[in-house]
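1. got a predicted structure plus its sequence, pasted below:
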Amino acid sequence: MQLTPKELNALKARLGVPYPERHEFLRELTSDMQEHYQRLIDDGMTEEQASKQVRAAFSLTAEDLSRLEEVHLNFAGRMLHIIPEKFRDVFVLCIKWCISSLFVFQLTTEAPMVQFLRDGGVIIYVILGLGGFVLLSQLYRCFRWFVRRDHSDASLASHTSSPITAAVLITMVGFFGTATGYYVVFHKWANNLITLDDLKYGLYEPLPCLIVATLLGSTIVVIHWASNSRLRSIGALAS
Amino acid sequence: MSSWKAKPNDLIIMSLKSGPKHGYEVIKFIEERSQGYFSMGYGSLYPVLHALEKDGMIHGTWEAVGEHKEKKIYKLTAKGRKQVETVASEYIAFITAFRMLVEA
């Protein structure tokens, strides 16, 4: 006796147990169901009757699933469960917004004070803003998947390749910023608007755009790959 | 008499005292040995089994049965065996005290 893919998916969707425990539990459940079914067949029951009886015996109520979920909560999950369910997501959202606000505050007040960043011009703030937003989103998803261990369909649906696209975009903006900077410098030099002495400054000043963009882009890619392989290794994503 | 209930985790560790078992066997053992007095649904079995495993009372391992089948077999750990002794002595003390009241 086997659970149909539809039954298995329905059960998976109702289970709040994180991976890899979810796989382990489904494996255990189907193995025990098989054992029960075989015993009923050996006792002389028809396949149809046995299948019906096994399905009835193993039908898990919402309360059973909730108790199972509680058993598999980790420390972070238990801490969050102290907060009433209706306020839990609001609490996490508040923390997320606090961190985001802190980032924006740092970007607008501290970043302009750093000479290295100032050399990159206005475009570096676009790179920092975009890169910071993607990094924060990735960190939030990592918190959701690996700390809170929320492996619900809705949570896992946010695992897309968009961070890779964003990393490419950020790197391209970095190239664009540096190339534009060089164009301006060489244009000025060609038109004798700057001296040879000024040129040496003009050669390194546009570089922060490229450096910051490639650094952010590669960090985003590394985090994406690492979270992707972790999700695969625990069986939360199909290989 | 059906109002007298034993804790599910006590029943499970007691059932494993006689040897390793998988989930289905645990339920059957409890039902058969208690002559149907104690019964347990699968819904309540798994949370308790997993909680006991997390607490280090029992340990589950996957064992191949036949060509394509496998079962998760649970056995008592040293901590679990100690717990069995404690639980058994508590229940026996309870039963003895109650019997003395009945027979008084």
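-> Yep, that arrived.
2. where does pLDDT dip in chain A?
-> Confidence mapping of chain A against pLDDT under 70 gives the ranges A:1-2, A:239.
3. quick check: residues of it near chain B?
-> A:21, A:24-25, A:27-29, A:31-32, A:34-36, A:39, A:57-61, A:63-64, A:67-68, A:70-72 (CB under 8 Å from any CB of the partner chain). Using the backbone N, CA and C atoms, a C-beta is placed for each residue, glycine as well.
4. apply 10 Å and report the result again.
-> Residues of chain A lying close to chain B by CB under 10 Å from any CB of the partner chain are A:17, A:21, A:24-25, A:27-29, A:31-39, A:54, A:57-72.
5. for B:K71, what are phi and psi?
-> phi -130, psi 150 (degrees, to the nearest 10).
6. can you read off the pLDDT for it?
-> B:K71 carries a pLDDT score of 89 in this model.
7. in chain B, where is pLDDT below threshold?
-> B:1-4.
8. now do the buried residues in the strand or helix carrying A:L29.
-> Assigned by DSSP states H and E, A:L29 belongs to helix A:21-42. For helix A:21-42, a neighbour-count test (16 or more other CB atoms under 10 Å in any protein chain shown) marks A:21-22, A:24-26, A:28-37, A:40 as buried.
9. same for the biggest helix by length in chain A, what does it pack against?
-> Secondary structure of chain A read by DSSP state H shows that its longest helix is helix A:162-190. Secondary-structure packing of helix A:162-190 (3 or more CB pairs under 10 Å, 6 or more residues apart in numbering or on different chains; DSSP states H and E): helix A:123-142, helix A:196-204, helix A:207-233.
10. mind listing what's buried along that helix?
-> Here helix A:162-190 shows A:163, A:166-167, A:169-171, A:173-174, A:176-178, A:181, A:184-185, A:189 as buried, counting by 16+ other CB under 10 Å.
11. what's the closest of those to chain B?
-> A:P163 (34.0 Å; CB to the nearest CB).
12. so which residue is smack in the middle of the chain?
-> By default, I'm working from chain A. A:R141 (3.3 Å; CA atoms, centre = their mean).
13. my bad, chain B
-> B:I12 (1.5 Å).
14. who's in contact with stretch A:48-59?
-> Applying CB atoms under 10 Å, 6 or more residues apart in numbering or on different chains, the contact partners of stretch A:48-59 are A:1-3, A:7, A:11, A:29-30, A:32-46, B:24, B:27, B:41-43, B:45-46.
15. check stretch A:227-239 too.
-> A:18-24, A:138-139, A:141-142, A:145-146, A:149, A:151, A:155-156, A:159, A:161, A:163-164.
16. residues near A:Q115, how many?
-> Residues within reach of A:Q115, counting by other CB atoms under 10 Å in any protein chain shown, total 8.
17. please report how far it lies from chain B.
-> A:Q115 is 54 Å from chain B, where distance means CB to the nearest CB, to the nearest Å.
18. is that residue in contact with A:Y204, as I believe?
-> No. A:Q115 sits out of contact with A:Y204 when judged by CB atoms under 10 Å, with a separation of 11.7 Å.
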